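*Asks:* attaching a predicted model along with its sequence, questions to come.
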Amino acid sequence: MTENKTDHACYENADPDPEYLIKSIAEQGYSLETSLTDLMDNSVSAGADRIEVLIRMDQEPFTLFLADNGSGMDRETLRQSMHFPSSSPESNRKVSDLGRFGLGMKTASFAQTRCFTVLSRKKGGSAYHGRTWDVDYLKQKKKWRILINTEEEITALLASYQSLSSGYQNSFEKFEANTIIVWKGLYKFEDYLEETNRQDSLKKEITEVTSDYLSLVFHRFMERKANPLRIRINNTVIKPFNPFPIHETDVRPIEYRHRNFRTDTIKIEGFVLPSRSIDESKQGLTQWTTRNRGLMDMEGMYIYRADRIILFGGWNGIIKKSPKLQLARLRVEVGNSVDHLLHLNVAKSQIVIPYELRQAFLRYISILKGEAEKEFFNRGIRKFSGQKKAGSIQLFERRSSSKGVVLELNADFPILKELRNELTGNQLSKLNWILRMITTSINKIRHVHEDVAYNSTGEEDGLSADSIISGIVLLRENGMTPEQIKKDILPSLGFSEASLPEEIKQLLKTDLHGYQ
């Protein structure tokens, strides 16, 4: 130990061992897919619209290349970006900046490899610059040193990358890589798995898990109209997966909410998938789930930060997951100026919802939960198309609607059918009034009723315009005012007031003798 003295105090050197510290900071909860996503954040922030991930899975040690056509870096920018950290988390950033701590490239890389190189050039330039972090070298020297790659080393790495890129299918036309990250050896696969399992495990991780993850996390960038992002993993160009398929007419949105939060605005909007998605998602590829996930895996919150999903699936500790909630999805939009208040971690895979927002989230999720459970219990019920089940003797039939299971009177129920046949026209109109009010009231109590436009043909439930007029006249003769009828009676018929014939509206504005 060496003691140093100054005018004010004694101190001793506390420089950390570089090998130990790097291995420690690499354990930030990264998986292969989140590590690659963190690197791609830098690519997107640099304006890249083409990214390719290439790896030979039949040769060990595994070497992975990630290349993009973004703006690239000159020598000095590359030097700074390789330092720990390269920027402050408190710095003001562009709205579109996906970074946070200035640690992502280093920690994400060291979570998967013990040696990585970054080659880069400014867009439009020709000469690449290279820097390498190598844990074995740090272990040997016991000093924080970044290796400067020679021209020969850079040329050899470029040749390996170009050979691999051209050897796979679906290459990008006129693609020029400006930044290339090279991972030399993937220790989590090479050191911790049996030799016979390594390649199969890596192949599954790359072609299934990672592809699934990227299709979801970057779907907005892939779907944008101007310069959509395209990502290639070996032979495959990834297709975007939007977890909110609002083009499906029976996906039901819940009214969104805005909340100002310090320097940003947070928007939350819930969606309820239709019950048919339960069966359809089990039958194979659908618009409801990614290739390797089920509905329950995808239930819950989707937090978008600058259009990139940073968290999805589950409810972040606000409520518990449940089979009854597998149809519920919550879209949350946040900017990048409140990262410190949401405690976004280095891997950008975890956040903590502050107490001042938590109650607002809980209230909104409670509404979404109720609607999703209602739709879940609606599964298996098909909307009737005029053909009723043969032999049905139930007084009420059930059909699905956008708000849940609606009860309707079975017109073929024997007693009801015979009663209607025995009644005169005026008596039948009165019965239809009562039956319509009963079914509407029941469905309103069950919170599944939705007003419909009046059918001008007069065929719906046997209530013609003349029948409604006769009923209103009868109510007026028995002492009810137009205001009472509009407030207490007409809503129970279930028709939207604006759709009623003009003669009915006029009747409710005049007295019984025709005076307004």
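*Replies:* Thanks, I have it.
*Asks:* switch to C-alpha atoms for all contacts and neighbour counts from now on
*Replies:* OK.
*Asks:* following the lowest-mean-pLDDT helix or strand in the chain, which helix or strand shows up next?
*Replies:* Here the helix or strand of the chain ranked lowest by mean pLDDT, DSSP states H and E is strand 3-5, holding a mean of 56. Per DSSP states H and E, strand 3-5 leads on to strand 10-12 as the next helix or strand towards the C-terminus.
*Asks:* which helices and strands does that following strand pack with?
*Replies:* Applying 3 or more Cα pairs under 8 Å, 6 or more residues apart in numbering; DSSP states H and E, one finds that strand 10-12 makes contact with strand 3-5.
*Asks:* list the pairing partners of the helix or strand harbouring Leu407 within its sheet, with orientation.
*Replies:* According to DSSP H and E, Leu407 maps onto strand 404-409. Sheet partners assigned to strand 404-409 using DSSP bridges are listed as strand 396-401 (antiparallel).
*Asks:* number of residues surrounding Ser165?
*Replies:* Ser165: 21 surrounding residues under other Cα atoms under 10 Å.
*Asks:* residues touching it, list them.
*Replies:* Counting by Cα atoms under 8 Å, 6 or more residues apart in numbering, Ser165 makes contact with Leu54, Ser171, Asn234.
*Asks:* buried ones in the top strand by length along the chain?
*Replies:* The longest strand of the chain (DSSP state E) is strand 264-272. With burial defined by 16 or more other Cα atoms under 10 Å, the residues of strand 264-272 counted as buried are Ile266, Lys267, Ile268, Glu269, Gly270, Phe271, Val272.
*Asks:* and the contacts of that strand?
*Replies:* Around strand 264-272, the neighbours that count as contacts under Cα under 8 Å, 6+ apart are 244, 251-260, 327-335, 337-338, 365, 368, 371-372, 375.
*Asks:* can you pull out the low-pLDDT segments for the stretch 201-350 of the chain?
*Replies:* Scanning the stretch 201-350 of the chain for pLDDT under 70 picks out 261-263, 285, 336-350.
*Asks:* can you do 50?
*Replies:* 345, 347 (pLDDT under 50).
*Asks:* what is the burial count for Tyr355?
*Replies:* Tyr355: 9 neighbours (other Cα under 10 Å).
*Asks:* per-residue pLDDT, it?
*Replies:* Note for Tyr355: predicted pLDDT of 78.
*Asks:* can you check Gly471 too?
*Replies:* Looking at Gly471, the pLDDT reads 85.
*Asks:* what about the nearest residue to it once chain neighbours are set aside, how many neighbours?
*Replies:* Excluding its sequence neighbours, the residue lying closest to Gly471 (Cα to Cα, 6 or more residues apart in numbering) is Lys430, at 7.1 Å. Residues lying near Lys430 (other Cα under 10 Å) number 18.
*Asks:* just the element for Lys430, please.
*Replies:* Per DSSP H and E: helix 425-445 holds Lys430.
*Asks:* may I see the PyMOL selection of the buried members of the contacts of strand 264-272?
*Replies:* A single PyMOL command selects the buried members of the contacts of strand 264-272 (16+ other Cα under 10 Å):
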select buried, resi 244+251+252+253+327+328+329+330+331+332+333+334+335+337+338+365+368+371+372+375
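*Asks:* sort out for me which of the contacts of strand 264-272 are in helices.
*Replies:* Ile365, Leu368, Glu371, Ala372, Glu375 (DSSP state H).
*Asks:* can you name the two of these that are farthest apart?
*Replies:* Spanning the widest gap among these are Ile365 and Glu375, at 15.1 Å by Cα to Cα.
*Asks:* any idea how far the nearest residue to Asn227 once chain neighbours are set aside lies from Ala67?
*Replies:* Spatially, and ignoring its direct neighbours in sequence, Asn227 is nearest to Asp49 (6.3 Å; Cα to Cα, 6+ apart). Distance of Asp49 to Ala67, computed by Cα to Cα, to the nearest Å: 11 Å.
*Asks:* those two - which one has more neighbours?
*Replies:* Using other Cα under 10 Å as the criterion, Asp49 and Ala67 rank with Ala67 on top: 29 against 18.
*Asks:* now the more buried one. Nearest residue, chain neighbours left out?
*Replies:* Closest to Ala67 by Cα to Cα, 6+ apart is Ile180, at 4.3 Å.
*Asks:* bridging residues for the one you found?
*Replies:* Ala67, Leu119.
*Asks:* from memory it sits against Leu119, does it?
*Replies:* Yes. Under the criterion of Cα atoms under 8 Å, Ile180 makes contact with Leu119 at 5.1 Å.
*Asks:* list the contacts of the strand holding Leu407.
*Replies:* 374-375, 378, 381, 395-400, 439, 442-443, 448-449.
*Asks:* off-centre distance for that strand?
*Replies:* Centroid separation between strand 404-409 and its chain, computed with Cα atoms, centre = their mean, to the nearest Å, is 31 Å.
*Asks:* any stretches of the stretch 1-150 of the chain with poor pLDDT?
*Replies:* Ranges of the stretch 1-150 of the chain meeting pLDDT under 50: 1, 86-91, 93-102.
*Asks:* what about the strands in it?
*Replies:* In the stretch 1-150 of the chain, the segments counted as strands under DSSP state E, counting those that start in this stretch are 3-5, 10-12, 50-55, 63-68, 115-120, 129-134, 147-148.
*Asks:* would you mark the buried spots in stretch 423-439?
*Replies:* Leu428, Ser429, Lys430, Leu431, Asn432, Trp433, Leu435, Arg436, Met437, Ile438, Thr439.
*Asks:* next one: the fifth one from Ile504, what distance?
*Replies:* When distance is defined by Cα to Cα, Asn432 is 17 Å away from Ile504.
*Asks:* can you give me the strands in the stretch 201-350 of the chain?
*Replies:* With DSSP E, counting those that start in this stretch as the criterion, the stretch 201-350 of the chain has strands at 230-233, 236-237, 252-253, 257-261, 264-272, 300-305, 308-312, 328-334.
*Asks:* need the contact partners of the second one.
*Replies:* Contacts with strand 236-237, where a contact means Cα under 8 Å, 6+ apart, come from Gln169, Asn170, Arg230, Ile231.
*Asks:* which members of those are classed as buried?
*Replies:* Buried among the contacts of strand 236-237 (16+ other Cα under 10 Å): Arg230, Ile231.
*Asks:* which one of the contacts of strand 236-237 is nearest Thr34?
*Replies:* Ile231 (14.9 Å).
*Asks:* how much space separates the closest one from Glu195?
*Replies:* Separation of Ile231 from Glu195 (Cα to Cα): 29 Å.
*Asks:* again, but for Ile469
*Replies:* 84 Å.
*Asks:* so between the two, which is more surrounded?
*Replies:* Ile469 (17 against 11).
*Asks:* A helix includes the more buried one, no?
*Replies:* Yes. Counting by DSSP: H, G, I helix; E, B strand; the rest coil, Ile469 is found in a helix.
*Asks:* so the spatially closest residue to it that is not a sequence neighbour, which state does it fall into?
*Replies:* Spatially, and ignoring its direct neighbours in sequence, Ile469 is nearest to Ile504 (6.2 Å; Cα to Cα, 6+ apart). Following three-state DSSP, the label given to Ile504 is helix.
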